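> I'd like to go over a predicted model; first the sequence, then the structure.
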Amino acid sequence: MAEKVTITIDGRTVSAEAGEMLLWAALDNGIYIPHLCADREDKENPAASCRLCFVEVQGRPVPVPACTLPVSEGLVINTRSERVDGLVAAAFELLMSNHKLDCKNCPANGNCELQRIAKERKLRLKPKNLPVLERNLPVDNSVAGLVYDPNKCVLCGRCVRACRRGGNAVLGFTRRGYDRVVTTFGDVPLAESGCSGCGECAGACPVGAFSVQK
Ligand code: FES
């Protein structure tokens, strides 16, 4: 059995498994930290790409991503500070400037991690300072029951890892910068990629870019 340690988060003393990442210890104790790219199925190898889970750690000069911080006895954390809130707000605004905002018609409406982050941190879903960049990429519904709208993708990579775990491994990242996108090998429609339509990607997607059509 894993050794238990005692840590303090936002003034609350909680128990956690030694070495587990702070993000999971906080969430399991009912303390919300914004996150998109972290994956419960792959806790040991955080991608740390969304930059939403910053926290302050007592004794450290700069905020660190909670998904990469193994807990140890006596750790003292603050999930909120002016610096942390500024970093999270900036990362969120950047994400939202590149996300097709169509909550009313989105299958993830009401169960979307972007909506949760906006609510928890009192952030606007619609960017205030950055222009919204519309990509107008084609929606892929070539596999029965599965829809992929890359215009909603936030590049968290959870679908890519879920697809690999499901034994298909047909998804990956391609291109750089603004053009970066999750797609199939050779950028072919899902139906031509070897996709089995298992829906693991939809189950992992936190924002409704991949969804299962009933
Ligand atoms: Fe930690 Fe994305 S959840 S960087």
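That came in fine, so what should we check first?
> contacting residues around the residue nearest to L123 when sequence neighbours are not counted?
Leaving aside its chain neighbours, L123 sits nearest to F92 (5.3 Å; criterion: C-beta to C-beta, 6 or more residues apart in numbering). (Glycine included, C-beta is placed from N, CA and C.) F92 sits next to 34, 52, 117-118, 121, 123 when contact means C-beta atoms under 8 Å, 6 or more residues apart in numbering.
> distance check, R164 against A26.
R164 is 27 Å from A26, where distance means C-beta to C-beta, to the nearest Å.
> returning to what we had before: next SSE after the helix or strand where the residue nearest to L123 lies?
F92 is part of helix 82-96, with elements assigned from DSSP states H and E. Where DSSP H and E defines the elements, the next helix or strand beyond helix 82-96 is helix 113-121.
> which parts of that following helix are buried?
Across helix 113-121, burial judged by 16 or more other C-beta atoms under 10 Å covers 113-115, 117-118, 121.
> so where do the helices sit in the protein?
22-28, 82-96, 113-121, 158-165, 200-204 (DSSP state H).
> in the shortest one, what's buried?
When burial is assessed from 16+ other C-beta under 10 Å, helix 200-204 yields the following buried residues: 200-202, 204.
> for the residue nearest the centre of the chain, what are its contacts?
Nearest to the mean C-alpha position of the chain, by C-alpha atoms, centre = their mean, lies L36 at 1.3 Å. By C-beta under 8 Å, 6+ apart, the residues touching L36 are 50, 52, 95, 113-114, 117, 154, 156, 158, 206-207.
> what does the protein put close to the ligand?
When proximity is defined as C-beta under 6 Å from any ligand atom, the chain approaches the ligand at 35-38, 48-53, 65, 67.
> one step back: closest one to I9 among the helices of the chain?
helix 22-28 (5.6 Å; C-beta to C-beta).
> next one: the closest one to chain centre, how far?
14 Å (C-alpha atoms, centre = their mean, to the nearest Å).
> now for it, which elements pack on it?
Packing partners of helix 22-28 (3 or more C-beta pairs under 8 Å, 6 or more residues apart in numbering; DSSP states H and E): strand 4-9, strand 12-17.
> partners of the last one, with directions?
In the sheet, strand 12-17 lines up against strand 4-9 (antiparallel) (DSSP bridges).
> separation between R176 and the ligand?
19 Å (C-beta to the nearest ligand atom, to the nearest Å).
> mind picking the two most distant members of the contacts of F92?
Once C-beta to C-beta is applied, the contacts of F92 give L52 and A118 as the farthest pair, at 11.4 Å.
> for the buried residues of helix 113-121, which one is nearest G177?
Distances from G177 to the buried residues of helix 113-121, taken by C-beta to C-beta, are shortest for L114, at 21.1 Å.
> what's near enough to touch the closest one?
36, 95-96, 99, 125, 154, 206-207 are the contacts of L114 under C-beta under 8 Å, 6+ apart.
> and the buried ones among these, selectable in ChimeraX?
A single ChimeraX command is used to select the members of the contacts of L114 judged buried by 16+ other C-beta under 10 Å:
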select :36,95,96,99,154,206,207
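> I77: which of the contacts of L114 is nearest?
Lowest distance from I77 to the contacts of L114 (C-beta to C-beta) belongs to L36, with 19.6 Å.
> any idea how far the closest one is from C50?
Taken as C-beta to C-beta, the span from L36 to C50 is 4 Å.
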